[in-house]
Every structure is written in structure tokens, then in C-alpha cells.
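> I'll drop the sequence and a predicted model, then ask my questions.
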Amino acid sequence: MQIGDYVKQEYSGILRLGKVKEVIEGTDGDTWSYVKVDWVDDEKYESSIAWKEEIRKESYYQDMWRIDNVQRIDINKTIQTLLKLSKM
């Protein structure tokens, strides 16, 4: 995964879309790579996490995602597919 890649993540039925802004290679013996993502229109996810934090009285804030928790998308193909879907 590289800076500038478009990615998606699904969380409890919430589709998140964003762009990778930083890639962090594994540190302190951790062999996983992580990414920081600029998420767009992420209000549903943020609301869901806020509710979870309120109920459980714990913080679930996360600004880095292990690369196996996000998937790269081809934004042009995705847009074309959504346009086809909107014409059905």
C-alpha cells in the first residue's frame, strides 16, 4: 500500500472510503505495516464509535490501521460501476 492509494473499510455494515496519507512500517518487532487514512463523509462511523465509547466507558479512537484491515480500491472503476448501478 502506498501514500495516495484509495481505500475502503467496512465496520459493522458501515462502508468507509478514504485516501492513504501515511504508511508506517512495522516497529518494535511488529512486522505489520500500518496506514493513516483521510476518511471522507465518515459521520456514521464516528457516531457509531462515540456510542460504543459511551456505553463501554472506553476509548476506541484509532488513527492507524493495519494494512489487512483496509482494502485498496480502483476509484475510477468504482465510480463507473456506481454510475451503471444508478442507471438500473
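Nice, thanks for sending it over.
> Let me see the residues that make contact with the longest helix anywhere in the chain.
In the chain, with assignment by DSSP state H, the single longest helix is helix 43-56. Where contact means C-beta atoms under 8 Å, 6 or more residues apart in numbering, the residues beyond helix 43-56 that reach it are 11-12, 14, 16, 39, 59-61. Where C-beta positions appear, they are placed from N, C-alpha and C, glycine not excepted.
> again with stretch 25-36
Stretch 25-36 is contacted from outside by 1, 7, 20-24, 63-68, 70, using C-beta under 8 Å, 6+ apart.
> okay if I get the residues you listed as a markdown table plus neighbour count, pLDDT and distance to E54?
Below are the contacts of stretch 25-36 laid out as a markdown table (neighbours: other C-beta atoms under 10 Å; pLDDT from 0 to 100; distance: C-beta to C-beta, whole Å):
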| residue | neighbour count | pLDDT | distance to E54 |
| --- | --- | --- | --- |
| M1 | 16 | 92 | 32 |
| V7 | 22 | 98 | 28 |
| V20 | 20 | 98 | 30 |
| K21 | 12 | 98 | 28 |
| E22 | 12 | 97 | 29 |
| V23 | 15 | 95 | 32 |
| I24 | 14 | 93 | 29 |
| D63 | 8 | 87 | 20 |
| M64 | 13 | 92 | 23 |
| W65 | 19 | 93 | 23 |
| R66 | 14 | 92 | 25 |
| I67 | 16 | 93 | 30 |
| D68 | 8 | 94 | 29 |
| V70 | 20 | 97 | 26 |
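> from these, which is closest to Q80?
Set against Q80, the nearest of those by C-beta to C-beta is V7 (18.2 Å).
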